[in-house]
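Chemist: with the sequence up front, the predicted model follows.
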Amino acid sequence: YGKLTFQPSNLNNAGSVVDELSLLLTAGRLSTESRNTIINAYQSQGNNDDALRIAQKLLASTPEFHSTTLFNSKTESRAEIEAPQPSNKGYKAVIFLMLDGGSDSHNMIVPHSGCSGGKTSYNHYASVRGEIAIPFADLREIDASGSGQVCSKWGIHPNLPHLKTLYDSSDLLWIMNMGVLQNPVNILNWEEGHDKTALFAHNIQYEEVHKMDVYDEQTGRGVVGRMADILGKRGFLPGTVSVNGIANALVSGLISLFVVDPTGLEKFNPIPWSVPLWDTIKQLNKVTKLGSNFFGETWSNILFKAVGENRLVYDSLKSTSLSTSFPDTDLGMQMELIAKMIKTKDSRGVDRDMFYAEIGGFDTHSNIKPLFDERTQVINSGIEAFTKEMKAQNTWNDVTIVMVSEFARTLTGNTGKGSDHAWGGNYWIAGGEVRGKRIIGEYPTTLDDGNLIFEPGIVIPSKRHGTHCGTE
């Protein structure tokens with residue numbers, strides 16, 4: 001991991017130490033006032049090792065360290081952010097749930113019965129999928145007779161009973177055969193029609209799903225971040241929160257991305273016995289004079305905003321409890337944190353939240369059945385607990401969950417009892433105001449030939465990603 005090995009020429013001389021650090025880290029641009037502040041902090045420590053450590057931390061917090069010109073400050077302190085007022089508008093939230101690796105969504109929902117107008121049927125599905133097909137007796141039947149699909153009855157994966165319950169309650173909608181689609185194509189022209197993207201590459205398709213901008217017309221902004229920008233311009237107070245690291249889907253031009261770890265939010269300078277730093281850091285980042293370094297000013301503003309927001313969310317989450325017990329799984333922990341964040345909406349001053357959650361384990365090139373069985377159990381338990389908590393908070397009608405993955409998997413299995421990278425797949429949207437109990441999109445009328453199927457069982461999408469955004 002490495003460690004700092006810098007040793008000053010004279011640890012007993014605070015001024016000399018700070019000057020050497022300033023030369024190394026700011027090219028000597030540290031202001032006299034900031035130099036004296038750090039010297040005082042150095043001299044207040046009980047030993048030279050602690051003193052050097054504090055000096056390095058403080059110098060790394062200065063605007064001079066984060067920019068390349070002089071920083072001219074006034075004597076007045078920079079204002080800290082104030083707690084926002086609750087919005088007087090109704091609340092809504094969208095959760096972008098990413099199944100990383102390429103989910104085998106052709107086994108999430110499969111043809112069941114009442115099929116006509118093509119070869120598609122359960123038996124046809126089973127013959128194409130072979131040993132990775134779900135046995136007919138295990139399927140959880142749903143009715144889609146009013147959806148105009150090739151089958152009137154469909155089967156949900158046996159480990160997804162809660163998704164069936166949501167569907168039957170008109171709270172879940174399925175979208176068939178959707179994927180990244182540059183142009184409507186068929187088996188004759190799909191390659192030449194997709195020259196702007198690499199269809200079967202994880203990293204490229206992961207980015208495509210996050211941005212839903214195959215022509216790069218919205219460079220730098222994610223699909224959900226663009227929604228946040230529009231809402232902000234229309235007078236709403238949006239927040240973008242990821243519970244699984246930096247999420248390109250949430251990147252906005254106007255709204256700061258807040259990242260919260262589901263294992264717990266850490267506050268600034270968390271060790272209780274460590275030297276308090278914030279008061280000293282505030283002295284190093286005072287209000288600037290006219291004509292001072294713009295980049296240094298930007299750093300100080302972002303620093304104060306970040307620390308203030310961290311303190312606000314930390315205190316809000318610490319005092320928030322839920323009525324539902326969540327499973328101790330990767331998705332369970334993320335959905336629990338999202339549920340807590342929703343409960344803190346007033347203290348955060350938001351009326352529109354965009355959340356990002358992600359679970360992996362779907363790149364099942366071998367042993368797909370046991371691996372996918374485990375992942376579907378995790379999905380079911382996590383979404384079930386979240387649904388229960390949202391209903392307890394009386395916010396289920398205000399929340400929409402959108403499931404995505406970079407691509408589906410081949411209908412035909414491989415020699416390792418797995419399935420490989422494919423294209424079009426089946427996805428779902430759930431929430432109290434979703435007009436559910438229906439299936440949209442176009443499931444193929446045949447799974448082994450025709451204009452939308454090519455070897456080895458890759459389905460060309462009939463709907464492009466982004467259909468979610470226009471679905472009621």
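Modeler: That came in fine, so what should we check first?
Chemist: next one: the helix-or-strand element of the chain with minimal mean pLDDT to chain centre, how far?
Modeler: Lowest on mean pLDDT, DSSP states H and E among the helices and strands of the chain sits strand 463-464, with a mean of 90. Remark: strand 463-464 is offset 22 Å from the chain centroid, using C-alpha atoms, centre = their mean, to the nearest Å.
Chemist: any low-confidence regions in this structure?
Modeler: 1-4, 467-472 (pLDDT under 70).
Chemist: please enumerate the strands of it.
Modeler: Here the chain has its strands, by DSSP state E, at 92-99, 109-115, 140-143, 151-156, 172-179, 238-242, 257-259, 352-359, 399-404, 425-431, 438-441, 453-454, 458-459, 463-464.
Chemist: tell me what the least confident helix or strand of the chain is packed against?
Modeler: With contacts defined as 3 or more C-beta pairs under 8 Å, 6 or more residues apart in numbering; DSSP states H and E, the packing partners of strand 463-464 are strand 172-179. (C-beta placed from N, C-alpha, C; glycine too.)
Chemist: go ahead and flag the most central residue of this protein.
Modeler: Taking C-alpha atoms, centre = their mean, the centroid of the chain lies closest to Y356, which sits 2.8 Å from it.
Chemist: wait, doesn't it sit right on N244?
Modeler: Yes - here Y356 reaches N244: they are 6.3 Å apart, a contact under C-beta atoms under 8 Å.
Chemist: what do these two both touch?
Modeler: Shared contacts of Y356 and N244, defined by C-beta atoms under 8 Å, 6 or more residues apart in numbering, are found at M98.
Chemist: and the strands of the chain as CSV, adding distance to D229?
Modeler: Below are the strands of the chain laid out as CSV (distance: least, C-beta to C-beta, whole Å):
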stretch, distance to D229
strand 92-99, 14
strand 109-115, 33
strand 140-143, 37
strand 151-156, 36
strand 172-179, 24
strand 238-242, 8
strand 257-259, 12
strand 352-359, 11
strand 399-404, 18
strand 425-431, 22
strand 438-441, 27
strand 453-454, 38
strand 458-459, 33
strand 463-464, 21
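Chemist: which of those strands sits closest to R53?
Modeler: Closest to R53 of the strands of the chain is strand 257-259 (C-beta to C-beta; 26.3 Å).
Chemist: direction included, what does that closest one pair against?
Modeler: For strand 257-259, the pairing partners within the sheet under DSSP bridges are strand 238-242 (parallel).
Chemist: next, the residues that contact the partner strand from outside, please.
Modeler: Here strand 238-242 makes contact (C-beta under 8 Å, 6+ apart) with 224-225, 227-228, 231-232, 250, 252, 255-260, 338, 341, 348, 350-356.
Chemist: with just CA atoms, put it into PDB.
Modeler: Extracted C-alpha coordinates of strand 238-242, given in PDB (Å, rounded to 0.1, in the frame of the first residue of the first chain):
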ATOM      1  CA  PRO A 238     -33.400  16.600  -6.600                       C
ATOM      2  CA  GLY A 239     -30.700  14.500  -5.000                       C
ATOM      3  CA  THR A 240     -28.500  11.900  -6.500                       C
ATOM      4  CA  VAL A 241     -27.300   9.100  -4.200                       C
ATOM      5  CA  SER A 242     -25.300   6.000  -5.000                       C
END
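Chemist: ok, back up a step: out of the strands of the chain, which comes closest to L23?
Modeler: Judging the strands of the chain by C-beta to C-beta, what sits closest to L23 is strand 257-259, at 34.0 Å.
Chemist: buried residues in the closest one, which are they?
Modeler: Across strand 257-259, burial judged by 16 or more other C-beta atoms under 10 Å covers L257, F258.
Chemist: now that strand: how far from the chain's centre is it?
Modeler: 9 Å.
Chemist: repeat for stretch 251-271
Modeler: Offset of stretch 251-271 from its chain centre (C-alpha atoms, centre = their mean): 12 Å.
Chemist: so which bits of that stretch are buried?
Modeler: V251, S252, I255, L257, F258, V260, P262, L265.
Chemist: cool, stretch 88-101 as well?
Modeler: Y91, K92, A93, V94, I95, F96, L97, M98, L99, D100, G101.
Chemist: now swap in stretch 38-57 and tell me
Modeler: I38, I39, A41, Y42, Q45, A51, L52, R53, I54, A55, Q56, K57.
Chemist: that one: end-to-end distance?
Modeler: 10 Å (C-alpha to C-alpha, to the nearest Å).
Chemist: same thing with stretch 270-278?
Modeler: 11 Å.
Chemist: who touches it?
Modeler: Residues from elsewhere that reach stretch 270-278 (C-beta under 8 Å, 6+ apart): Q45, D50, I54, K57, L58, S61, F268, N269, V307.
Chemist: what about 7 Å?
Modeler: I54, K57, F268, N269, V307 (C-beta atoms under 7 Å, 6 or more residues apart in numbering).
Chemist: likewise for stretch 212-226?
Modeler: 94, 96, 180, 182, 196-197, 208, 210-211, 240, 248-253, 354, 465-466.
Chemist: identify the bridge partners of V110.
Modeler: According to DSSP bridges, beta-bridge pairing links V110 with G155.
Chemist: settle this for me: it is touching Y125, isn't it.
Modeler: Yes - V110 is within contact range of Y125, at 5.3 Å (criterion: C-beta atoms under 7 Å).
Chemist: ok, S34 touching T62?
Modeler: Yes - in terms of C-beta under 7 Å, S34 counts as a neighbour of T62; the distance is 5.7 Å.
Chemist: spit out the residues that contact the two alike.
Modeler: Counting by C-beta under 7 Å, 6+ apart, the shared contacts of S34 and T62 are L284.
Chemist: which of the buried residues of stretch 88-101 sit farthest apart?
Modeler: Spanning the widest gap among these are Y91 and G101, at 32.5 Å by C-beta to C-beta.
Chemist: and stretch 349-366, end to end?
Modeler: Across stretch 349-366, first to last residue, C-alpha to C-alpha, it's 47 Å.
Chemist: show me which residues of that stretch are buried.
Modeler: 350-359, 362-365.
Chemist: nearest to I134, of these?
Modeler: If you rank the buried residues of stretch 349-366 by distance to I134 using C-beta to C-beta, T364 comes first, at 14.2 Å.
Chemist: in contact with that closest one, which residues?
Modeler: Contacts for T364 were tallied using C-beta under 7 Å, 6+ apart; they are D104, L371, F372, R409, G418, S419.
Chemist: one more time with 8 Å
Modeler: G101, D104, L371, F372, R409, G418, S419.
Chemist: which residue packs closest to the last one, ignoring adjacent ones?
Modeler: When you say that, I think you mean S419. Spatially, and ignoring its direct neighbours in sequence, S419 is nearest to R409 (3.9 Å; C-beta to C-beta, 6 or more residues apart in numbering).
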